[in-house]
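Novice: My questions are about this predicted structure, shown below with the sequence.
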Amino acid sequence: MKFCGKLTRNRQEDRNSDSGSPSEQEEEDEISEGDSSDESDDDDEPTARVKSYSALMRSLSADVPPQAKRRKIQHESTTSITSENGVAATTETVQNDDVDEVEEGPETATEGVLENDDEDGEDDEDPFGSHFANPDENVLGQRLKAIQKNQWTSHKVILPGVGRAMLSMPQSEGSTMVTSKPVIGADDLKLKQKLVAAMSKIRPKFNQLEQSLASLIFGYQDTLFCERNVKNAESLRRLACLHAVNHVFKYVRNFLHDVYVIDISRTRDRVIKNNARLAREDANDDLELRDQGFTRPKVLMILPTRDACVKMVDMIATLCEPEQQENRKRFDDGFLDKEEKFSDDKADDFRDLFGGNDDDMFRLGLKFTRRTIKYFSQFYNSDIIFASPLGLRMALEGKEDSKGDSDFLSSIEVVIVDHADALLMQNWEHVEYIFEHLNLQPKDAHGCDFSRVRSWYLDNNSKYFRQTIALSSFNTPEINTLFYNRSINWSGKVKISASYQGTIQELGIKVKQTFSRLESPSFATDPDSRFTYFTTAIVPALLRQSKSSAGTLIFIPSYLDFVRVRNYFLTSNNASTFSFGSISEYTSVKDVARARSHFINERHAALLYTERAHHFRRYQLKGVKKIIMYGLPDNPIFYKEIVGGYLSRSVQDGSLESGEGHVRVVFSKWDLLKLERVAGSERVGKMIKDKGDTFDFV
């Protein structure tokens, strides 16, 4: 049986000028599932050829003197010169002067590896084994057929202290719904022993949220959690990172140099055991061991900002406790920003998202060795890939002088999307593009030994094994659609959300709130129906009362709707005398200041304001006396800040009498998710289905 892999050592300086000092030689030799490069600005890694693994193991199995001694092993190394587009251009063979010292003794490694197992080994109850390595073929076949026919069985449950959960499983004969069993702590999970020890110090006992989510996440079910907030962000991040690292550690020994198989006390994972079996049974041509994917990267984290990446990386480092962190200074220089740049009046969720380095263009490869975490590893040599949607899409599409490449995503088995609601405010199309390129059949081999690739990879079924974990502050049609269309996990999926009391009760001010329902026959025609309703039912009254309309804020969630309304006020003969200003996410700082000044001084009767402008800036607008919501915001916090915050400010500065403020909200049945968060779960059904179309709240 052929053993495929290349011995890699880091012996070059980082290519970019900001890479800092040359990286140190790695402590461990590694074997990767493929040898290629990515589209990021990673440093190149030389590769080396190793002697036949089988020959090595046969030599170790021979009789040896009982006394232990050390011997030096010389390696031949091949240096790969990589062009700018990430394709290996030329190679040259050099002699590697570095040596590895190996302990020789009377006991061979292969026997211990195959016969013994410990707490780090896989067992029948390990979700990793039952989901990826040894799934029940009958159950798997039935569920794959059900998924392909889009046949799912759903079941609603209540998770104590968390919220409502909708569990969905592919229909199969005799299948039962997967329910969440609380996990008290790390000891109740099938973790690597090193991670159990680390978690015991960090989190001896899980809180209620962690207990409910742990069995779902570590059971490899797709999970959409719609109640992420500042308070539970740390717990969610810890769970996600623990799961990602534990999953990688199930594979990581696959990339260690052959000689380290000798250390049976530290190498007991599936691939190492299979390596030993291949060596012992080299003459048996029928032996088939499939334990790998096409390429090395197994976990993808999609994040909104570099600061979010820093938080994930720091959590991983805390869990792994590495002896060294290679290229850490370069990482800190490029990703860390400790400068305080916001005033105290900014909301906690805003500071959590935009604090630190808020750059949304990045990608990073992370690689594990036995004692080291290496940053800026090439994608094909990485275990975890961190990226923003924009940064990863640019890598997938390539540059003008290079082709795009998605093969490094072919073997992704866990995808973690944090701050999904924030990604929606950036460009959701980038996220959809990334998911379209996950788990595709690779175009090139990248040094893969196909005899070791799991059969479901070869059958193009890897998308049914991938786990997706999406963490969001709220649910939206876009997030919901992506989750249900792209989450086709054969182990099932779960969507978790809470019951809402409604932000209309949390304003802190007495104000009349009128909700008007418009008739919209379909989701596709909803923008046209909304615009017609606005121009025929709301604008005429606004123009008739132009003298008393000063201080009117018109909140418009969509930028496309914003442009449409702005053009109407600019070109319509009916609105030719109506003065207004506008602030969108694309408005310059100078124009924003002018619009705010004219609005406060009542030179403009109205101010158009978009949701994304509020998301990225959180302007504290003054002079607001009346609010018209062209549509509800996705984020219920925005409703509270705009209605309660702006009107309260006007009352405090004396420009508005208490109780005189008014809010007019336009909604349709397609705004169900938004309306539930603002009006409350108990009211939303009546407001959508009731014969009346106007609802007043005070």
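Specialist: Good, I have the coordinates.

Novice: From now on I want contacts and neighbour counts done on CA atoms only, so please keep to that.
Specialist: Noted.

Novice: quick one: contacts for V310?
Specialist: 335-336 (CA atoms under 8 Å, 6 or more residues apart in numbering).

Novice: Need the phi and psi values for it.
Specialist: Reported as degrees, to the nearest 10, the phi and psi values for V310 are phi -60, psi -40.

Novice: Check it and give its pLDDT.
Specialist: Note for V310: predicted pLDDT of 97.

Novice: From V139, how far out is it?
Specialist: 40 Å (CA to CA, to the nearest Å).

Novice: neighbouring contacts of stretch 676-683?
Specialist: By CA under 8 Å, 6+ apart, stretch 676-683 touches 499-504, 636, 639, 684.

Novice: Minimum pLDDT in these, which residue is that?
Specialist: Ranked by pLDDT, the contacts of stretch 676-683 bottom out at S499, which scores 88.

Novice: For that one, give me phi and psi.
Specialist: phi -90, psi 130.

Novice: Now it. Nearest residue, chain neighbours left out?
Specialist: Of all residues not flanking S499 in the chain, S681 sits nearest, at 5.9 Å (CA to CA, 6 or more residues apart in numbering).

Novice: Which pair in the contacts of stretch 676-683 has the greatest spatial separation?
Specialist: S499 and Y639 (17.5 Å; CA to CA).

Novice: Of these two, which one has the most company?
Specialist: Shown here are S499 and Y639; by other CA atoms under 10 Å, Y639 has more neighbours (21 against 13).

Novice: which other residues reach the host helix or strand of the more buried one?
Specialist: Using DSSP states H and E, Y639 sits in helix 636-639. When contacts are defined by CA under 8 Å, 6+ apart, helix 636-639 is touched by residues 503, 614, 632-633, 674, 677-678.

Novice: now those in TSV, with neighbour count?
Specialist: Formatted as TSV, the contacts of helix 636-639 follow (neighbours: other CA atoms under 10 Å):
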residue	neighbour count
T503	19
H614	19
L632	23
P633	22
K674	22
R677	26
V678	26
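
Novice: Of those residues, just say which sits nearest to L438.
Specialist: Distances from L438 to the contacts of helix 636-639, taken by CA to CA, are shortest for K674, at 30.0 Å.

Novice: list the contacts for the closest one?
Specialist: Contacts of K674 (CA under 8 Å, 6+ apart): 476, 632-636.

Novice: That one and I637: what is the separation?
Specialist: 11 Å.

Novice: Next one: T694, what pLDDT does it get?
Specialist: If you check T694, the pLDDT there is 91.

Novice: just L543 next, same as before
Specialist: 86.

Novice: For stretch 432-445, measure first residue to last.
Specialist: 26 Å.

Novice: Not counting its own residues, what contacts that stretch?
Specialist: Contacts for stretch 432-445 (CA under 8 Å, 6+ apart): 34, 294, 389, 392-393, 406-407, 409-412, 460, 462-463, 482, 486.

Novice: if we go to 6 Å?
Specialist: 407, 409-411, 463 (CA atoms under 6 Å, 6 or more residues apart in numbering).

Novice: got the buried residues for it?
Specialist: 432, 434, 437-442, 445 (16 or more other CA atoms under 10 Å).

Novice: Pick out whichever of those residues sits closest to I158.
Specialist: Closest approach to I158 among those (CA to CA): E432, at 30.1 Å.

Novice: May I see the buried residues of the helix or strand hosting the closest one?
Specialist: Using DSSP H and E, E432 sits within helix 420-436. Under the neighbour-count criterion of 16+ other CA under 10 Å, helix 420-436 has 420-424, 426, 428, 430-432, 434 buried.

Novice: Repeat that for stretch 518-532.
Specialist: Buried, per 16+ other CA under 10 Å, within stretch 518-532: 518, 520, 526-527, 529-531.

Novice: Mind listing residues that contact it?
Specialist: By CA under 6 Å, 6+ apart, stretch 518-532 touches S668.

Novice: quick one: average pLDDT of that stretch?
Specialist: In this model, stretch 518-532 has a mean pLDDT of 94.

Novice: where exactly do the strands run in the stretch 301-450 of the chain?
Specialist: 324-326, 363-368, 372-375, 384-387, 414-417 (DSSP state E, counting those that start in this stretch).

Novice: Any chance of those strands in CSV with distance to W670 and mean pLDDT as columns?
Specialist: What follows is the strands of the stretch 301-450 of the chain, written out as CSV (distance: least, CA to CA, whole Å; pLDDT from 0 to 100):
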stretch, distance to W670, mean pLDDT
strand 324-326, 49, 95
strand 363-368, 36, 96
strand 372-375, 44, 95
strand 384-387, 32, 97
strand 414-417, 25, 97
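
Novice: need the ones you listed in CSV with mean neighbour count and distance to L647, can you?
Specialist: Converted to CSV, these look like this (neighbours: other CA atoms under 10 Å; distance: least, CA to CA, whole Å):
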stretch, mean neighbour count, distance to L647
strand 324-326, 17, 51
strand 363-368, 24, 42
strand 372-375, 21, 48
strand 384-387, 25, 40
strand 414-417, 23, 36
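
Novice: May I see those strands arranged in JSON lines, with distance to Y559 as well?
Specialist: Below are the strands of the stretch 301-450 of the chain laid out as JSON lines (distance: least, CA to CA, whole Å):
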{"stretch": "strand 324-326", "distance to Y559": "43"}
{"stretch": "strand 363-368", "distance to Y559": "28"}
{"stretch": "strand 372-375", "distance to Y559": "38"}
{"stretch": "strand 384-387", "distance to Y559": "26"}
{"stretch": "strand 414-417", "distance to Y559": "24"}
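
Novice: Sort out for me which of the buried residues of stretch 518-532 are in helices.
Specialist: 526-527, 529-531 (DSSP state H).

Novice: and those as TSV, adding distance to I385?
Specialist: Shown next, in TSV, are those (distance: CA to CA, whole Å):
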residue	distance to I385
D526	38
P527	38
S529	43
R530	42
F531	43
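
Novice: still on that earlier bit, sort out for me which of the contacts of helix 636-639 are in strands.
Specialist: Using DSSP state E, no member of the contacts of helix 636-639 sits in strands.

Novice: In helices only, show me those.
Specialist: 614, 674, 677-678.

Novice: quick one: which two of those residues are the most distant?
Specialist: Across these (CA to CA), the longest gap, 18.1 Å, separates H614 and R677.

Novice: Specify the angle between the lengthiest helix in the chain and strand 363-368 in degrees.
Specialist: Looking across the chain with DSSP H, the single longest helix is helix 233-251. Per axes from the mean of the first three to the mean of the last three CA atoms, to 10 degrees, the angle that helix 233-251 makes with strand 363-368 is 60 degrees.

Novice: Just the mean pLDDT for helix 233-251, thanks.
Specialist: Mean predicted confidence for helix 233-251 is 93.

Novice: Show me which positions of that helix end up buried.
Specialist: 233, 236-251.
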